[in-house]
Structures are given as structure tokens and as C-alpha cells.
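Q: give me a model of this one.
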Amino acid sequence: MSEDPVVVLGAGCAGLMAARRLREKGRPVLLVEAEDHVGGLAGGVTLGGDVYEYGPHVFHTTDPDILADIKSLMGKDLLSYERTIQIKFLGNYFKFPLSIPDVLLKLPLATVLRAAGSFAYHFVKGALVVPRQENSETLLQRYYGDVLYRLFFKDYIQRVWGIPPSAFSPSFARERIPRLNILDFLDKAAVAAHGLFSSEDAMKTEGYVEKLEGQLWTTKKGFSMICERLAADALKKGARLRLSTRVLSMRREGGKVAGVELEHGGAREVVACSGIVNTLAVNEAARMFSPSLGDAAQAAADALRFRAIVFVGLKIRRPKVLRASFMYFREHSFNRITDLAHFGFHMDPPGTTLLVAEVACDPKDAVWTDEALAVEAVVSDLVREGILDRAEVAASHVFRARHAHPMYTLGYETALKTLLDAFAGLSNAETAGRQGRFQYVNTHVAMKMGQDAADRLDVKLSRA
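A: Next up is the predicted model:
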């Protein structure tokens, strides 16, 4: 077995799990992370003495091995959790995913009738007519009908993602937006209609609840505490961790990676490696190879896009601010905001909470670089919404994620396959995770990806 380490690029959920699994197999591991903390988008950043999370996230899985692993690491620090999600629209708050009774009660009756007719029409049309080019718009019209699609999704997706639903692959709608079932729709519509015209308490129905895999869990420090335990366990198993270390390039010799060029504190070095597990954005990683992976891979890397997010963290002089764990807004500078008090966070001092607002953008936008602009936009919208007063804001911070969400634009599948094939063609490299495989997945799936990548790489190295 080579004494050169497997270099794991990125210490998010996938990278941490890959590092642990490789150490369990006896492989030397060097884990490198550009930030000064572990966890990636599932971690937390310490600002002004408080930990703000990129999201935040909750842990859930039906994988018995991963569940047992996390429970063993966390012990009594793992807390059961229930979350709620609301959308503010047309002056009303709606559950999300859309609850049919909720929609029918709060929309004007004429709109309700048009929505029901549109839903039925598009359901039948979708079964009989195949669109010339399937995209997220055609799919969402079948899922919800054109009326609800235009009300709830069309403009919102355009604003959050910067492109219309018609420019998205159908994979986006399939993976990110739940589908309404025609029988459930009719059943719940009947219940809701009864509630509209009677005084009986007919609306105590759950409606649609987001389908998550397994029970939800959190900690008093949020998901970042889980990431910290994973990192500590990787170190205990013998992995080495280097924070605040950027990957500059990967040196390729034929069909294998021979070394990784790193930068820390202005100093550069090339670390010889026996292999790599990449969890960085797959298109950015593909551009780092020297010599390059070829013209086709370069073109594919250019074809893939990520949506960036500016996070505005606010410390508020109130124990809890929001009425739900997550709240979505269509007309404000931010599209989603979370109240960490809903996630079991221990606040210091007591009587305060932390809000995290997410402003979707492009790195070319002014809000990406102008922190004062981002903070003022978010605070002004919260004051205008009646959620808080300016005097309640004790502190504000801005942090960013350049590769927050993969954008499933039309034709992305072809470009992605080209890059994944290029990685698969290397004898000592694997790529994993949300960014590494360009998949909009939850944290437990990213964990499994990291383990699987480590297993595949171990097999490759054993054959060498």
C-alpha cells in the first residue's frame, strides 16, 4: 500500500465520510478544506461569537447504517425535531409543499375554481399529449395545472434562479417539487369546499406534508455539531486535516492523479498522492487538472452552472421571531429565511435568536460583494413585513456560498455525464457529494456518496 495519502478535497458531509471510510480501510488520508471550519454547506460559520448555519439543515435518513453511525457519534446530543415551512403570497401564509385545503381556503373562490379546472385539464392533457420538448414548465403545469403554476412557481423560480422554468431540465421539477395526485386533489378539494360553505371545523387536516426520509434530528448547535463530530472521528482514526487550504491544481500523469497543488497562507506546495476523492464543484475541479482532461471536458465544465447565495445573519433581541422554521417570500430581497431558535439552537445570551436570510444571486451581482447593500435590503424587507423592528437587530453578518445549488438547465445531463466519465476514467480518482456530482441532494445522501466513493477508490487502488 502506498505511503502517499489519498487527498480528499473538501470537508463537507461527503468528504468527511469519505475520509473516515478510507481510514477504516487503512488508507492514509489528507483532508483539505478551503474554509476555516468543516461541514461545507451543512456546517456553521462563527461570526461575532455566534454560529450561523448555511441553511440550516436537519439530519434524516432511512439508511440503518448511517443512522446508527450518527447516533453512535452524537449520543444524547442528537435531538428529535419537527419543522414547519410557510410561503407568504397574496397577503396570506401557505403551507409548503402546497396544502390543497390551505390553498382553497385562502385563494378567491373564482381562482380556486379556475385552478381546479386547470389542474384537471392538464392532468388529462399530460396523459394524452407528449410535449415536443419536456422542461420544468411543462412538468409543473401537469403537476399543478397552469393556474397554480403561474401563481406559485413561474415568477418565483425566475427570481430565485435567474432563469425561467422553461429553461430548466424536467429533472429540476421532478427532484425538487412534489407532485399532486389527482385522487388526493379531488378528495381534499371536496373537504375544503365543505369547509368553505359550512361552519364546521372541517379543516383540521394535515394536507400535504413534505416527504422526508426518516425521523428528523438536530442538535443544540445545529447540523454543524454533527459535522464537527465527524471531523473529530476522522482525526481520531488517523486522518490529517488542513483548514484554510485551497486546491490550486491537480497534477495528472496519464490516467492517474500524481499530486495536488495546495495553497495555505500564501505558501504553495505540491502534495504527492495515491489518489483523490473530490467533493468540490465538479466543473471547477475538472478545470484544475494539468494537463487538462481534454476539450470535451473543458466544454462540459463551462456548460454547468451553480447558483450562488449571499447569507445575511442577524442577531435579534427576541427569543423567537418567525412563525415557522422556514419562511419563503416572493417579493423580498431574500427568498428564504430561517430562525435558528426553531432548530434547537442554544442561544447566548438567553432571550435572543439568530436569523439567516438567503439572497440568491450571481457572483456578478452587486449584492455578492456589497455587504452593506445585502444587510440593508434584508432588514428593510423584514421591517416592512412587520417581522421585526430595526431596534431589535443586535448584530449583522454576511457570508457566502458560490456553489450553493446546481442549476439543472436544459441539456445539463450531457455535460455532467462527460465530466463524470472523465473522473471515472482516472485510475485513482472519484468524485462525490452535492457539488462533486452536481446533484441536488440532502445531507444524508451526500454522506452515503462519500462512503461509496471511498469504497470505489479503495477497489481501484487495490487493483493498481
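
Q: so who does A374 touch?
A: 310, 312, 333, 359, 367, 398 (C-beta atoms under 8 Å, 6 or more residues apart in numbering). Every residue, glycine included, has its C-beta placed from N, CA and C.

Q: mind checking which of the residues you listed are in helices?
A: Using DSSP state H, the members of the contacts of A374 that fall in helices are V367.

Q: most neighbours out of the contacts of A374, which is it?
A: V310 (28 neighbours; other C-beta atoms under 10 Å).

Q: the closest residue to it other than its chain neighbours: what's it in contact with?
A: Among residues not flanking V310 along the chain, V359 sits closest, at 4.3 Å (C-beta to C-beta, 6 or more residues apart in numbering). Taking C-beta under 8 Å, 6+ apart, we find V359 in contact with 309-312, 333-335, 367, 374, 377-378.

Q: what does L461 give?
A: Applying C-beta under 8 Å, 6+ apart to L461 gives the contacts 1-2, 6, 27, 274-275, 428.

Q: apply 10 Å and report the result again.
A: If a contact means C-beta atoms under 10 Å, 6 or more residues apart in numbering, then L461 has 1-2, 6, 22, 25, 27, 274-275, 427-428 as its contacts.

Q: measure it to L419 for me?
A: 22 Å (C-beta to C-beta, to the nearest Å).

Q: repeat that for A173.
A: Taken as C-beta to C-beta, the span from A173 to L419 is 23 Å.

Q: ok but V51 is inside a strand, no?
A: Yes - counting by DSSP: H, G, I helix; E, B strand; the rest coil, V51 is located in a strand.

Q: count of residues packed around it?
A: So V51, with other C-beta under 10 Å, has 20 neighbours.

Q: buried residues, stretch 225-234. List them.
A: Buried residues in stretch 225-234, counted by 16 or more other C-beta atoms under 10 Å: 225-231, 233-234.

Q: in helices, which of those appear?
A: Counting by DSSP H, those place 225-231, 233-234 in helices.

Q: now render these as CSV, adding pLDDT and distance to H57.
A: Formatted as CSV, those follow (pLDDT from 0 to 100; distance: C-beta to C-beta, whole Å):
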residue, pLDDT, distance to H57
M225, 94, 11
I226, 96, 9
C227, 97, 10
E228, 97, 14
R229, 98, 14
L230, 98, 13
A231, 99, 16
D233, 99, 19
A234, 99, 19
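
Q: list the buried residues of the strand ranked longest in the chain.
A: Identified as the longest strand of the chain according to DSSP state E is strand 393-407. Within strand 393-407, the residues that count as buried by 16+ other C-beta under 10 Å are 393, 396-401, 403-407.

Q: helices and strands around the helix or strand following it, which ones?
A: Where DSSP states H and E defines the elements, the next helix or strand beyond strand 393-407 is helix 412-424. Judged by 3 or more C-beta pairs under 10 Å, 6 or more residues apart in numbering; DSSP states H and E, helix 412-424 is in contact with helix 170-176, helix 282-287, helix 295-303, strand 429-431, helix 443-463.

Q: CA atoms only: put stretch 116-134 into CSV for me.
A: Provided in CSV are the C-alpha atoms of stretch 116-134 (Å, rounded to 0.1, in the frame of the first residue of the first chain):
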residue,chain,number,x,y,z
ALA,A,116,-59.3,23.1,-10.2
GLY,A,117,-60.3,23.2,-13.8
SER,A,118,-56.8,23.8,-15.0
PHE,A,119,-55.4,21.0,-12.8
ALA,A,120,-57.9,18.5,-14.2
TYR,A,121,-57.3,19.7,-17.8
HIS,A,122,-53.5,19.5,-17.6
PHE,A,123,-53.7,16.1,-15.8
VAL,A,124,-55.7,14.7,-18.7
LYS,A,125,-53.7,16.5,-21.4
GLY,A,126,-50.5,15.2,-19.8
ALA,A,127,-51.7,11.7,-20.1
LEU,A,128,-52.6,12.1,-23.8
VAL,A,129,-50.1,14.6,-25.3
VAL,A,130,-46.3,14.4,-25.1
PRO,A,131,-44.7,17.8,-25.3
ARG,A,132,-42.1,18.3,-28.1
GLN,A,133,-39.5,19.3,-25.5
GLU,A,134,-40.1,18.4,-21.9
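
Q: in that stretch, what's buried?
A: 116, 118-119, 122-123.

Q: now do stretch 343-363: distance to the chain's middle.
A: 16 Å (C-alpha atoms, centre = their mean, to the nearest Å).

Q: what's the end-to-end length of that stretch?
A: Length of stretch 343-363, first residue to last, C-alpha to C-alpha, to the nearest Å: 29 Å.

Q: could we number from 17 for the rest of this?
A: That works, and once the first residue is 17, the last one we named lands at stretch 359-379.

Q: any idea of the mean pLDDT for it?
A: Averaged over stretch 359-379, pLDDT sits at 90.
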